[in-house]
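In: 3D model of this:
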Amino acid sequence: MRTLTTPRPPVVAAPSPASPRRRRRPARTTAVWILVGPYTVFLAVFGLAPAGYALWTSFVDHGSFSGGRDWAAVFQDYRLGEAAAHVTTYLLLWLPILLLSVLSLAFTLHARPGRSTSALQLVYYLPGAVTGSAAALLWLFMVSPDSSPFSPLLKLMDVKSATEALSGGSVIAVLTVMGVAVHAGGWIVVLYGALNALPRDVLEAAQVDGASAWRTMWHIKLPMVRTYVAFVLISSFASGSQVFVEPTVLSTGAPGQISPTWSVNQLAYTYATQDGDFGKAAALSLAMLAVGVLAAWIVITRTRMYATDSSDSR
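Out: Below is the predicted model of the structure:
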């Protein structure tokens, strides 16, 4: 006897839902372009376009190709060597002191949090609120025995005027102190914010394992904020290599002590405004840009600034 069986309906596989990663990718791409798009426009309009125009100006003189004559004239100018030596000495003295000050104070604030932390951040940041020509003018009064709050110390050092205070090699020392006071506060606040964003479970695990504050700082905190430290170094090198306002303002209080072409940026300004030679000014500006880009590339590659973990790239 044949048994009747009810035929089963064919099994139709349900459409597999799109993976969360694929669903999130368009939204993530849109968000990235919303954030990066305005900066890209500003970079093209105020960065790449002026650089391209400067490159054209440095090789074209009155509508005709100059054959790099302006570049040769710039590198043969004896004032360039002196200006480059001044800026190099200033960077070698200022950058390490600035970086050590920022790191030590930021790590100290993070290691010893308390009610006074916010007040200390404000104290560190206040000198940075006075920048540019105002800061240079303020420090011009600081080195003038007649108006400086440190006049007893200046008189003890037998400094009778701002001209004597800014004579010889003391210009770089004054610029170094001024630069640290102006720039350190803002970077301390930035680095302290980065330290506060570190995962607490990692820091607590180090504390449970018996790691000292020094070892925690050196082997855990510093590697985790290396991106911020690299950014501080790149930005500080860029601003220090283009120093212009500070020596210009200080020279007004010490006539004859600071050359109008003391820095490389001042020399480029002299080419453009006093000599009327925009080709040489453009060539020197591009040379400064090349040095800054090279320094940034070295810092980025040495510190692995944009390196990500394998888990982040999945």
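In: From the opening residue of stretch 194-204 to its closing one, how far?
Out: 17 Å (C-alpha to C-alpha, to the nearest Å).
In: Same question for that stretch: list its buried residues.
Out: Ala194, Leu195, Leu203 (16 or more other C-beta atoms under 10 Å). Backbone N, C-alpha and C define where each C-beta goes, glycine included.
In: Now tabulate those in CSV and tack on secondary structure, pLDDT and distance to Tyr78.
Out: Compiled in CSV, the buried residues of stretch 194-204 are given as follows (DSSP: H, G, I helix; E, B strand; the rest coil; pLDDT from 0 to 100; distance: C-beta to C-beta, whole Å):
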residue, secondary structure, pLDDT, distance to Tyr78
Ala194, helix, 88, 44
Leu195, helix, 87, 47
Leu203, helix, 80, 55
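In: Nearest to Ala282 among the residues you listed?
Out: Nearest to Ala282 among the buried residues of stretch 194-204 is Ala194, at 37.6 Å by C-beta to C-beta.
In: tally of neighbours for Gly193?
Out: Gly193 has 14 neighbouring residues, counting by other C-beta atoms under 10 Å.
In: Revised request: answer the last question for Leu55.
Out: Leu55 has 15 neighbouring residues, counting by other C-beta under 10 Å.
In: so where's the stretch 201-314 of the chain uncertain?
Out: 308-314 (pLDDT under 70).
In: in it, which spans are helices?
Out: For the stretch 201-314 of the chain, helices defined by DSSP state H, counting those that start in this stretch occupy the ranges 213-216, 222-224, 226-241, 245-253, 264-273, 278-303.
In: between these, which gets nearest to Ser64?
Out: helix 278-303 (11.4 Å).
In: any idea how far the residue most central in space within the chain is from Met178?
Out: The structure's the chain has its C-alpha centroid closest to Ser235; by C-alpha atoms, centre = their mean the separation is 1.0 Å. Relative to Met178, Ser235 is positioned 17 Å away (C-beta to C-beta, to the nearest Å).
In: cool, and Arg215?
Out: Distance from Arg215 to Met178, by C-beta to C-beta: 35 Å.
In: OK, contacts around Val229?
Out: Contacts for Val229 (C-beta atoms under 8 Å, 6 or more residues apart in numbering) come out as Leu99, Leu103, Leu191, Leu222, Thr303.
In: Unless I'm misreading it, Met217 sits right up against Ala106, doesn't it?
Out: No: when contacts are counted by C-beta atoms under 8 Å, Met217 is not listed as touching Ala106 (10.2 Å).
In: Between these two, which is the more surrounded one?
Out: Taking other C-beta under 10 Å, Met217 and Ala106 do not tie; Ala106 has more neighbours (27 against 18).
In: helices or strands next to whichever strand or helix holds that one in the packing?
Out: Following DSSP states H and E, one finds Ala106 within helix 78-111. Contact partners of helix 78-111 among helices and strands, from 3 or more C-beta pairs under 8 Å, 6 or more residues apart in numbering; DSSP states H and E: helix 117-129, helix 170-196, helix 226-241, helix 264-273.
In: Now with 6 Å, please.
Out: The contact analysis (3 or more C-beta pairs under 6 Å, 6 or more residues apart in numbering; DSSP states H and E) places helix 78-111 against helix 170-196, helix 226-241, helix 264-273.
In: can you list those helices in JSON lines and add distance to Leu140?
Out: Listed next are the helices and strands packed on helix 78-111 as JSON lines, based on distance: least, C-beta to C-beta, whole Å:
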{"stretch": "helix 170-196", "distance to Leu140": "9"}
{"stretch": "helix 226-241", "distance to Leu140": "19"}
{"stretch": "helix 264-273", "distance to Leu140": "17"}
